[in-house]
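Enquirer: Quick one, what's the 3D model for this:
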Amino acid sequence: MSSRSARTGRQPREPAAPEMPKTLVDAVLPEHDLDDEGAYLSLRFAGLDLTSRQVNAAEFEGCRFVDARLSGTRLRRTRFLDVAVERSDLSNLRAESSTMNRVQVAGSRLTGMVWSECAFRDVTFEGCRADLADFRFSVFKDSVFRDCKLTETNFHNADLRGVRFEECDLTGAQFSGAQMSGARFADCVLLGIGGVTSLRGSTIRSRDALGLAHTLAGALGITVDDDAP
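Expert: Here you go, the predicted structure:
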């Protein structure tokens, strides 16, 4: 969201949905296994085991992953464009210098997933378990986390300007050094988050802010004592 939008309070737009092709071809192994510099177009990866692969400079465009398993896979300089991920296991997947553009990730397991120094544009994470995930130094644009478990997720030094967190559990999440101007939190759990002072410029619903009270007091050197005179 632009700085002008943040000043005027204009609601951020919904992320653009993936532009999916009308028909998809079912991917099969080994023909469509993940390889360096592979180009995967208009494919449906349904129920495939793609775990523990190591892939460099691959491209996925107009693809759908359904009940797929990519846990432990390592991606470098990989691009996802117009992709949908549903009920898939991406736990402990590691991506470096990779991008997501017009991507929807729904109902998937992202525990321990690492996307550091990556770029996200028009991305929606919905109904996902992403505890202990790592998005350090990544840049988000027009993106939403909705109904996600984000406990102890690491957003250290991430650019989260304009990102929306809706109905998420962010207990123990780390925001140190993050850019948060225009970010919005609605119906979220914010207990024990790290880097609370980095939330400057964000918007938080009043009932969510109660969970920040002790954390913010500690960051400011304030002792909360109900028995104080």
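Enquirer: helix/strand/coil for Glu14?
Expert: Classification of Glu14 using DSSP: H, G, I helix; E, B strand; the rest coil returns coil.
Enquirer: Setting aside sequence neighbours, what's the nearest residue to it?
Expert: Closest residue to Glu14 apart from its sequence neighbours, by C-beta to C-beta, 6 or more residues apart in numbering: Val144 at 7.4 Å. (Each C-beta comes from the backbone N, C-alpha and C, glycine too.)
Enquirer: How about Asp159?
Expert: Val139 (4.3 Å).
Enquirer: Does that neighbour touch Phe120 like I think?
Expert: Yes. Using C-beta atoms under 8 Å, Val139 is in contact with Phe120, at 7.1 Å.
Enquirer: Okay, and the beta partners of the residue nearest to Glu14?
Expert: Listed by DSSP bridges, the beta-bridge partners for Val144 are Thr124, Arg164.
Enquirer: With neighbour numbers in mind, choose between Val139 and Phe120.
Expert: Neighbours around Val139 and Phe120, counted as other C-beta atoms under 10 Å, are more numerous at Phe120. The numbers are 25 against 17.
Enquirer: mind listing what the residue nearest to Glu14 touches?
Expert: Glu14, Pro15, Val123, Thr124, Phe125, Glu126, Val163, Arg164, Phe165, Glu166 (C-beta atoms under 8 Å, 6 or more residues apart in numbering).
Enquirer: where does this protein have low pLDDT?
Expert: 1-12, 211, 213-215, 217-229 (pLDDT under 70).
Enquirer: any idea how far the residue nearest to Glu14 lies from Thr73?
Expert: 25 Å (C-beta to C-beta, to the nearest Å).
Enquirer: Ok, Phe120 next?
Expert: From Phe120 over to Thr73 (counting by C-beta to C-beta), the distance is 18 Å.
Enquirer: Equivalent analysis for Thr153, please.
Expert: 19 Å.
Enquirer: One more: Ala186?
Expert: 33 Å.
Enquirer: Who has more neighbours out of those two?
Expert: More crowded of Ala186 and Thr73, by other C-beta under 10 Å: Thr73, with 19 against 15.
Enquirer: In contact with the residue nearest to that one when sequence neighbours are not counted, which residues?
Expert: Closest residue to Thr73 apart from its sequence neighbours, by C-beta to C-beta, 6+ apart: Arg53 at 4.5 Å. Taking C-beta under 8 Å, 6+ apart, we find Arg53 in contact with Asp33, Leu34, Leu70, Thr73, Arg74.
Enquirer: What of Met100?
Expert: Phe80, Val83, Cys118, Ala119, Phe120, Arg121, Val123.
Enquirer: Which of the three states applies to it?
Expert: Note that with three-state DSSP, the state of Met100 is strand.
Enquirer: Then the one 4 residues further on?
Expert: In terms of secondary structure, Gln104 is strand; the call rests on three-state DSSP.
Enquirer: What is the neighbour count of it?
Expert: For Gln104, using other C-beta under 10 Å, the count is 21.
Enquirer: again, but for Asp49
Expert: Asp49 has 12 nearby residues by other C-beta under 10 Å.
Enquirer: Arg69 is in contact with that one, correct?
Expert: Yes. Between Asp49 and Arg69 there is a contact under C-beta under 8 Å: 5.0 Å.
Enquirer: Many thanks, have a good one.
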